[in-house]
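Student: Quick one, structure for this:
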Amino acid sequence: MREVINISLPSPMAKTVKSIVKIGNYSSTSEFFRHLLREWQEGKLLNEFNQSRQEIVSGKGKVLKSLKTLR
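Tutor: Next up is the predicted model:
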């Protein structure tokens, strides 16, 4: 199911988005913003993963022997 979200952009940003869509990198403005959101989500997950890795390397993290340990 899709939901409509309206955003307001300064003119220079709106022109940039329209230009990117027009030259064919994206089929629509919605596709452009979906792509940005996916990239943001991936970046957030990568940062969380790297933080966890740093905790383990520094000895602060906890290594689980099995998924049962999560309970």
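Student: Which positions within the longest helix seen in the chain qualify as buried?
Tutor: Using DSSP state H, we find that the single longest helix of the chain is helix 29-57. Judged by neighbour count (16 or more other C-beta atoms under 10 Å), helix 29-57 contains these buried residues: Phe32. In this view, the C-beta of every residue, glycine as well, is placed from N, C-alpha and C.
Student: Might you quantify the distance of that helix from its chain's geometric centre?
Tutor: 4 Å (C-alpha atoms, centre = their mean, to the nearest Å).
Student: Kindly report the same for stretch 18-29.
Tutor: Distance, centroid of stretch 18-29 to centroid of chain: 20 Å (C-alpha atoms, centre = their mean).
Student: buried sites along it?
Tutor: Buried residues in stretch 18-29, defined by neighbour count with 16+ other C-beta under 10 Å: Val21, Tyr26.
Student: list the helices and strands the helix or strand bottoming out on mean pLDDT in the chain packs on?
Tutor: Counting by mean pLDDT, DSSP states H and E, the chain has its least confident helix or strand at helix 29-57, which shows a mean of 93. If contacts are counted by 3 or more C-beta pairs under 8 Å, 6 or more residues apart in numbering; DSSP states H and E, helix 29-57 sits against helix 11-22.
Student: what angle do the helix it packs on and helix 29-57 make?
Tutor: Angle, helix 11-22 to helix 29-57, by axes from the mean of the first three to the mean of the last three C-alpha atoms, to 10 degrees: 100 degrees.
Student: Pull the residues that contact helix 11-22.
Tutor: Leu9, Tyr26, Ser27, Ser28, Thr29, Glu31, Phe32 (C-beta atoms under 8 Å, 6 or more residues apart in numbering).
Student: ok, Ser19 to Tyr26 distance?
Tutor: 11 Å (C-beta to C-beta, to the nearest Å).
Student: Overlap of the contact sets of the two?
Tutor: By C-beta under 8 Å, 6+ apart, Ser19 and Tyr26 have no common neighbours.
Student: Phe33 versus Met1, what's the distance?
Tutor: 17 Å.
Student: Next, the contact list for Gly61, please.
Tutor: Ser52, Arg53, Glu55.
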